[in-house]
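Novice: Need a 3D model of the following:
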Amino acid sequence: MNEPLLLLPGMMCDARVFLPQIVALSRDRAVQVGNVSSGGTVEQIAEQVLAAAPARFALAGHGLGGVVAMEVARRAPDRVTRIALLDTNAQSEMPNVAAAREAQIVKARAGRLADAIRDGVKPGDLAPGPRNAGILKLLLDMALEFGPEVYIRQCRVMQRRPDQQKTLRVLRAPALVVCGLFDQITPLRRHEFMATLIPHARLEAVADAGHFPMLEQPDETTRLVRNWLAQPLVLR
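Specialist: I've put the predicted structure just below:
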């Protein structure tokens, strides 16, 4: 029987960021979306995710969801059958990036959450294409529904996130690392580095996609995830 798939969305995103994959993959396995919008640290969020997760599951995370996925795998390697990391970062936050978040937090507190979201994900963070306007609108809609308190909390989580390089080095589950070639938020070089740390990892760069390949190139991203799910659990 196919193991369940647990998806963890990125900052200020809900299940809609994975909608094409949910529709396609739920035909032959259970698909669950974890909650990364509560909890003040990566560790707290990972605990909550594990409490609601199946006994054993395939795990895929995007952005902040990928950060949490690495912590979940660190805490419960016997429960995570395989892991996919999409447009994320295994390293702790750089001081200049952490400082830049403070300006966005000020905007959110001042009732300008929409401005903070637009500053955080710009059109140039996606590949050029006709989907962009709709994707950016969806990202803004999801963020506004979560509201400023969740935004500020998730900013703090990202600022304080732990370095997970050691976690990646000891992973033995089938691993997929995915990055959109146009991603400027978490560029390809970071994913190349992550893939070198993980034994048996497969790195996939998605052409004509930026930070959100699940929405920008949904068919290709679904194909990559489906192939990863079909890999043998025992790697040789």
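
Novice: Give the buried residues for the helix or strand harbouring V157.
Specialist: Using DSSP states H and E, the element containing V157 is helix 148-159. The neighbour-count check on helix 148-159 (16 or more other Cβ atoms under 10 Å) flags 148, 150-155, 157-159 as buried. For the C-beta atoms, the positions are set from N, CA and C on the backbone; glycine is no exception.

Novice: how far is the next helix or strand after it from where the chain is centred?
Specialist: Note on helix 148-159: by DSSP H and E, the next helix or strand toward the C-terminus is helix 165-169. Distance of helix 165-169 from its chain centroid, counting by Cα atoms, centre = their mean, to the nearest Å, is 17 Å.

Novice: List the neighbouring strands of the helix or strand following helix 165-169 plus their orientation.
Specialist: Once helix 165-169 ends, the next helix or strand along the chain (criterion: DSSP H and E) is strand 175-180. Strand pairing for strand 175-180, determined by DSSP bridges: strand 80-86 (parallel), strand 202-206 (parallel).

Novice: Walk me through the domains of the protein.
Specialist: As assigned by automatic domain parsing, the chain contains the domains 5-91+163-230, 95-154.

Novice: Can you say which of these is packed in most?
Specialist: domain 5-91+163-230 (a mean of 20; mean count of other Cβ atoms under 10 Å).

Novice: dump the residue contacts of the residue nearest the centre of the chain.
Specialist: Taking Cα atoms, centre = their mean, the centroid of the chain lies closest to H62, which sits 1.1 Å from it. Shown in contact with H62 (Cβ atoms under 8 Å, 6 or more residues apart in numbering): 8-10, 13, 17-18, 86-88, 212, 214.

Novice: returning to that earlier point: just put the strands paired with strand 175-180 in JSON lines and tack on mean pLDDT.
Specialist: Conversion of these to JSON lines gives the following (pLDDT from 0 to 100):
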{"stretch": "strand 80-86", "mean pLDDT": "98"}
{"stretch": "strand 202-206", "mean pLDDT": "98"}
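
Novice: Mind checking the pLDDT average for the helix holding V157?
Specialist: Mean pLDDT, helix 148-159: 98.

Novice: Stretch 63-71 too?
Specialist: 98.

Novice: quick one: contacts of it?
Specialist: 7-11, 13, 34, 36, 42-43, 45-46, 49, 59-61, 83, 85-90, 154, 157-158, 161-162, 164, 167-168, 185-186, 211.

Novice: Centre of the chain to that stretch, how far?
Specialist: In this view, stretch 63-71 has its centroid 6 Å away from the chain centroid, taken as Cα atoms, centre = their mean.
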